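>>> Output the structure for:
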Amino acid sequence: MNKAAAYIIVFVLAGLFSCRNKDKACIEPAMVVPCKEDPAMTNIRIRNVSDYNFCNVMMNPGSYTAYYGPIKKNDITCYQPFSEAYALPSITLFINEKKFILQVIDYVGAIPLDKGKYTVSVNVTNFDKGELQLQTTPD
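From the prediction side, this is the model:
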């Protein structure tokens, strides 16, 4: 078996077992990036402050999208480095089969975050309407 096939199998298995089986949105594999920090960049982690478990969490604070995978309620991820990041990121996540999206259209006039460590706290303010609230704080 070649390396590419082995990676595909690992990602499929990780996706299958990343959340409970009833969470059909979690069956698709998420390409979670290994934990890493870079002191020369802006490092961001996510804290789930809601009453729900998240699956397939993806965040784009400005320079690219990072895959954080599942985040249980009251849990926090490791940091991911970004070359450019803003305090209000775009984020997509699933709770059971429901997709939640907070999409930033553009960052015109916004000031990028300084290099360092930050936590983006994510809360569900209205489940039925799919509303999220984000708060970015320096660590």
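
>>> per-residue confidence averaged over stretch 92-107?
Averaging pLDDT along stretch 92-107 gives 92.

>>> In that stretch, which residues are buried?
Neighbour-count burial for stretch 92-107, counted by 16 or more other Cβ atoms under 10 Å, picks out 92-95, 100, 102, 107. Every residue, glycine included, has its C-beta placed from N, CA and C.

>>> What distance separates the opening and closing residues of that stretch?
Terminal residues of stretch 92-107 are spaced 18 Å apart (Cα to Cα, to the nearest Å).

>>> Then stretch 95-112?
End-to-end span of stretch 95-112 (Cα to Cα): 29 Å.

>>> again with stretch 45-57
With Cα to Cα applied, stretch 45-57 spans 11 Å between its terminal residues.

>>> What residues sit buried inside that stretch?
Of the residues in stretch 45-57, those with enough neighbours to count as buried (16+ other Cβ under 10 Å) are 45-48, 50, 52-57.

>>> next one: stretch 115-125
For stretch 115-125, the buried set under the neighbour-count rule, 16+ other Cβ under 10 Å, comprises 118-122, 124.

>>> outside of whatever helix or strand Gln135 lives in, which residues touch it?
For Gln135, the element it lies in under DSSP states H and E is strand 131-138. Contacts made with strand 131-138 from outside it, assessed by Cβ atoms under 8 Å, 6 or more residues apart in numbering, are listed as 44, 87-89, 91, 93, 100, 102, 113, 116-125.

>>> Give me the sheet partners of it and which way each runs.
strand 116-126 (antiparallel) (DSSP bridges).

>>> Touching the strand it pairs with from outside, list them.
With Cβ under 8 Å, 6+ apart as the criterion, strand 116-126 contacts 37, 42-52, 54, 59, 61, 71, 76, 79, 85, 89, 91, 93, 95, 100, 131-139.
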